[in-house]
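**Q** One predicted model, sequence on top.
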There are 2 protein chains.
Amino acid sequence: MKLTIYGIARSRAIRNLWMAEELGLAYQHVQTVYGPEGSRKPDFLKLNPNGRVPAADVDGVILWESLAINLHLAKKVGGSLSPKDVDEDGLMTMWSMWAVTEVETPALAVLTHGSLKSEAERDNALLAKSIEALKAPLAVLEAHLAAHSGHLVGGRFTVADLNVAACVFYLRLSNLLADKPAITAWYTGAMERPAAKKAFALRGD
Amino acid sequence: MKLTIYGIARSRAIRNLWMAEELGLAYQHVQTVYGPEGSRKPDFLKLNPNGRVPAADVDGVILWESLAINLHLAKKVGGSLSPKDVDEDGLMTMWSMWAVTEVETPALAVLTHGSLKSEAERDNALLAKSIEALKAPLAVLEAHLAAHSGHLVGGRFTVADLNVAACVFYLRLSNLLADKPAITAWYTGAMERPAAKKAFALRGD
């Protein structure tokens, strides 16, 4: 496969870098930054008209949306991370959608307004609302992992776990997982995978 | 196929009702409402622990996330709405993810705070922010449709068009499509399909 991943490792491109490492793919990594010096440049807008990173060129097919790129890579390559049939494909797509609709936005707000911004710059109302919004989905995730041997689909680590863990990553500086032993074990296990370590090392933090 | 769709037609279940009609599927429709009398009942939480509609039982596999359910139905059934190969699958999943990340939330806010709520109850700051947030994705959609014969993937009406149009549906009472001829033609064409008319008639509006 000829794969090019556009986007710096300190962006959602980390998700695709991680997936490429899991699949053992050789790839070109184009260090596109956010904004006018990168993702908003005219040449990049031809790849992703949304002006966002990541984008990927997978054997000549241009894709955006980090979690969709990972589902696509899984199905192109096959193997244990990939759906073994259409039912697993449905469930892995469902969990990836769920991560976006239920987790990603409030989790990113928790990271930004709970940790990254200076106290003066934080939106504490948004932070409180985001913590509240995460209660239900984190309870769903905890119960599912506890009832399914610590994986989302098929009793093994798959692209579904990778996609959801990559959103839970935004909670790494919070205490919201402290009372969630199944999520903590699952997330820690995911991040300790050699492919995750190799990819996250590219962030340089 | 044995298909059960849970959720009233005046919820995101409309998306799955529409898809079932497109695919010519016989299905059972369980009229689950929002909240404590429906989607939060203990029996329903066993189907969808998130307490949301829709949920679907597709040959014994329980799925949530309306757009993921549609992608799954497309791949189970096959035909012209479905991906013909893994590359089309990737693009249809990408556009479905894009609808969720770029369009759905601000479009629903435009419907709610621009039309459905009484003027006294509207959040005009959220409305203005949502209109602004839609500018870039609507420009992307307009340009893509204009450049690709009026369809998102594969030069024909597919599950990708259905999923994205079902989110653009939230803009039906706004004037945001007035300067978007390609979106208007595509959206109107989607809504005039016999399957769409049959499904949307179930809303009773």
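**A** Sure, I can see it. Residues are numbered from 1 along each chain as shown, chains lettered A, B, ... in the order given.

**Q** tell me what whichever helix in chain A runs longest is packed against?
**A** Counting residues, the longest helix found in chain A (DSSP state H) is helix A:124-147. When contacts are defined as 3 or more CB pairs under 8 Å, 6 or more residues apart in numbering or on different chains; DSSP states H and E, helix A:124-147 packs onto helix A:105-111, helix A:181-191. From N, CA and C alone the C-beta is placed, and that goes for glycine too.

**Q** The same query, at a cut-off of 10 Å, please.
**A** helix A:86-98, helix A:105-111, helix A:159-168, helix A:181-191 (3 or more CB pairs under 10 Å, 6 or more residues apart in numbering or on different chains; DSSP states H and E).

**Q** For chain B, tell me whether the second one is touching it.
**A** Yes. Part of helix A:105-111 sits close enough to chain B to count as contact by CB under 10 Å from any CB of the partner chain, namely A:Thr105.

**Q** Centre of the chain to that helix, how far?
**A** From the chain centre to the centre of helix A:105-111 is a distance of 13 Å (CA atoms, centre = their mean, to the nearest Å).

**Q** Over that helix, what's the mean pLDDT, rounded is fine.
**A** Averaging pLDDT along helix A:105-111 yields 98.

**Q** Please apply the same query to the longest one.
**A** Mean pLDDT, computed over helix A:86-98, is 98.

**Q** May I have that helix as CSV, with CA atoms only?
**A** C-alpha atoms of helix A:86-98 as CSV (Å, rounded to 0.1, in the frame of the first residue of the first chain):
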residue,chain,number,x,y,z
VAL,A,86,-19.8,-7.1,8.1
ASP,A,87,-21.3,-7.4,11.7
GLU,A,88,-17.9,-6.5,13.2
ASP,A,89,-17.6,-3.7,10.7
GLY,A,90,-20.9,-2.3,11.8
LEU,A,91,-19.9,-2.4,15.5
MET,A,92,-16.5,-0.9,14.9
THR,A,93,-18.1,1.9,12.9
MET,A,94,-20.7,2.4,15.6
TRP,A,95,-18.1,2.7,18.4
SER,A,96,-16.1,5.2,16.2
MET,A,97,-19.2,7.3,15.6
TRP,A,98,-20.0,7.1,19.3
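
**Q** can it be found next to chain B?
**A** Yes. Counting by CB under 10 Å from any CB, chain B has neighbours in helix A:86-98: A:86-98.

**Q** Likewise for the last one?
**A** No. Looking at helix A:181-191 against chain B by CB under 10 Å from any CB, there are no contacts, and the closest approach is 13.7 Å.

**Q** what helices or strands is that helix leaning on?
**A** Using 3+ CB pairs under 10 Å, 6+ apart: helix A:181-191 touches helix A:124-147, helix A:159-168, helix A:194-201.

**Q** who's in contact with the helix or strand bottoming out on mean pLDDT in chain A?
**A** Lowest mean confidence among the helices and strands of chain A (mean pLDDT, DSSP states H and E): helix A:42-47, at a mean of 96. Residues outside helix A:42-47 that contact it (CB atoms under 10 Å, 6 or more residues apart in numbering or on different chains) are A:4, A:6-7, A:30, A:32-33, A:37-39, A:41, A:51-57, A:62-64, B:140.

**Q** Now restrict those residues to buried residues only.
**A** Buried members of the contacts of helix A:42-47, counted by 16 or more other CB atoms under 10 Å in any protein chain shown: A:6-7, A:30, A:32-33, A:38-39, A:51-57, A:63-64, B:140.

**Q** Output the longest helix of chain A in CSV with nothing but the alpha carbons.
**A** Coordinates of each C-alpha in helix A:124-147 appear next as CSV, following Å, rounded to 0.1, in the frame of the first residue of the first chain:
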residue,chain,number,x,y,z
ASN,A,124,-15.2,27.2,33.7
ALA,A,125,-18.8,26.9,32.7
LEU,A,126,-17.9,25.0,29.6
LEU,A,127,-15.6,22.8,31.7
ALA,A,128,-18.4,22.0,34.1
LYS,A,129,-20.8,21.3,31.3
SER,A,130,-18.3,19.0,29.6
ILE,A,131,-17.6,17.0,32.7
GLU,A,132,-21.3,16.6,33.2
ALA,A,133,-21.7,15.5,29.5
LEU,A,134,-19.1,12.8,29.9
LYS,A,135,-20.7,11.1,32.8
ALA,A,136,-23.2,9.0,30.8
PRO,A,137,-20.8,8.0,28.0
LEU,A,138,-18.0,7.1,30.4
ALA,A,139,-20.4,4.9,32.4
VAL,A,140,-21.4,3.2,29.2
LEU,A,141,-17.8,2.6,28.2
GLU,A,142,-16.9,1.3,31.7
ALA,A,143,-19.8,-1.1,31.8
HIS,A,144,-19.2,-2.4,28.3
LEU,A,145,-15.5,-3.0,28.9
ALA,A,146,-16.2,-4.7,32.2
ALA,A,147,-18.7,-7.0,30.6
